[in-house]
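K.L.:
no FASTA, just this:
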């Protein structure tokens, strides 16, 4: 006996135990809010934040159900290409970079899923689909915002954050930025003055602490992780929970291999574009 199209099957062959899924959600939500509170990513939304979230959610729906479908007709049908999802990554990353507060990911996906139900899917299977969208894709974005102290993709510049080794931005009496950096990342005067290999070391060190590197690394990593919800959590838990059936783990692994490379490329491009947009807006 089901409810609203939800069979509630928890013992389908190959299905991930529901206890593990619940544990992940509880731990991930707790980590997002605790890290956000500790490092500064947990703040109240402003009216402008809500505007960004609303516009981003609406445009994601327009992209997913109208523009992506039209563009996909000109491309081969293959699991390696997902125009709809790639566009959603772009939109989510831009909104997250503009707001930079824990909760923006989950809020955006909540509105996106609600509008999707109204326009296309209907409300069968709810609230499971809402839980899936919000606590997978949305929660991953919020975790990254929490871990970076609200400095997602390095959009705030070269300042200290929780999980990075960026400069603290201390300035000396002359008004120039001092060489004070995070412990373990100190560049010696001799190396900076041009001894053998010093220039290369200095250039490399500056690059790995730059906004560009931060955007590339975080964008690629976050996008790669966003390949897992559909390939793993949906196919191996939510789908059998809703409809029953046998989990095809060969299909799960194939989809992961197919999704991750393209998602990483799009994630890097989306993060770099997000940095440009934030700087252009001056937000």
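P.N.:
All right, it came through fine. None of these values were measured; they are calculated from a predicted model.
K.L.:
can we go C-alpha only for contacts and neighbour counts from here?
P.N.:
Fine.
K.L.:
Is it correct that residue 266 is in contact with residue 84?
P.N.:
No. If you go by CA atoms under 8 Å, residue 266 and residue 84 don't touch, sitting 11.9 Å apart.
K.L.:
could you point out the longest helix in the chain?
P.N.:
helix 249-281 (DSSP state H).
K.L.:
mind checking the SS state of the closest residue to residue 252 other than its chain neighbours?
P.N.:
Closest residue to residue 252 apart from its sequence neighbours, by CA to CA, 6 or more residues apart in numbering: residue 231 at 5.3 Å. What DSSP: H, G, I helix; E, B strand; the rest coil gives for residue 231 is helix.
K.L.:
So residue 231 versus residue 129, what's the distance?
P.N.:
15 Å (CA to CA, to the nearest Å).
K.L.:
Please apply the same query to residue 242.
P.N.:
Noted for residue 242: a distance of 10 Å to residue 129, by CA to CA.
K.L.:
Please apply the same query to residue 7.
P.N.:
Using CA to CA, one obtains 13 Å as the distance from residue 7 to residue 129.
K.L.:
lowest confidence element among the helices and strands of this structure?
P.N.:
Within the chain, no helix or strand scores below helix 189-192, which has a mean of 43 by mean pLDDT, DSSP states H and E.
K.L.:
Do I have it right that residue 63 meets residue 90?
P.N.:
No. Checked against CA under 8 Å, the pair residue 63 and residue 90 is beyond contact range at 10.6 Å.
K.L.:
helices or strands up against the longest helix of the chain?
P.N.:
Applying 3 or more CA pairs under 8 Å, 6 or more residues apart in numbering; DSSP states H and E, one finds that helix 249-281 contacts helix 83-99, helix 211-225.
K.L.:
Which residue is the nearest non-sequential neighbour of residue 59?
P.N.:
Using CA to CA, 6+ apart, the nearest residue to residue 59 is residue 91, at 7.8 Å.
K.L.:
so what's the one you found up against?
P.N.:
56, 59-60 (CA atoms under 8 Å, 6 or more residues apart in numbering).
K.L.:
Select only the buried ones of the residues you listed in PyMOL?
P.N.:
Per 16 or more other CA atoms under 10 Å, the buried members of the contacts of residue 91 correspond to this PyMOL selection:
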select buried, resi 56+59+60
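K.L.:
Narrow the contacts of residue 91 to those in helices?
P.N.:
When the contacts of residue 91 are checked against helices (DSSP H), the matches are 56, 59-60.
K.L.:
Relative to residue 238, which of those is nearest.
P.N.:
Closest approach between the ones in helices among the contacts of residue 91 and residue 238, by CA to CA: residue 60, at 22.5 Å.
K.L.:
surely that closest one meets residue 88?
P.N.:
Yes. Residue 60 lies in contact with residue 88 (CA under 8 Å); the separation is 5.7 Å.
K.L.:
Report the inter-axis angle for the longest helix of the chain versus helix 83-99.
P.N.:
Going by axes from the mean of the first three to the mean of the last three CA atoms, to 10 degrees, helix 249-281 is angled at 40 degrees with respect to helix 83-99.
K.L.:
Would you mind listing the buried residues in helix 249-281?
P.N.:
Of the residues in helix 249-281, those buried (16+ other CA under 10 Å) are 252, 255-256, 258-275, 277-278.
K.L.:
excluding its backbone neighbours, what's nearest the residue sitting nearest the centre point of the chain?
P.N.:
Centroid-nearest residue in the chain, with CA atoms, centre = their mean: residue 141, separated by 3.5 Å. Spatially, and ignoring its direct neighbours in sequence, residue 141 is nearest to residue 105 (5.4 Å; CA to CA, 6+ apart).
K.L.:
for residue 42, same thing?
P.N.:
Nearest to residue 42 is residue 36, by CA to CA, 6+ apart, at 4.5 Å.
K.L.:
buried residues in the helix or strand where that neighbour lies?
P.N.:
Using DSSP states H and E, residue 36 sits in helix 18-39. Neighbour-count burial for helix 18-39, counted by 16+ other CA under 10 Å, picks out 25, 28-29, 31-36, 39.
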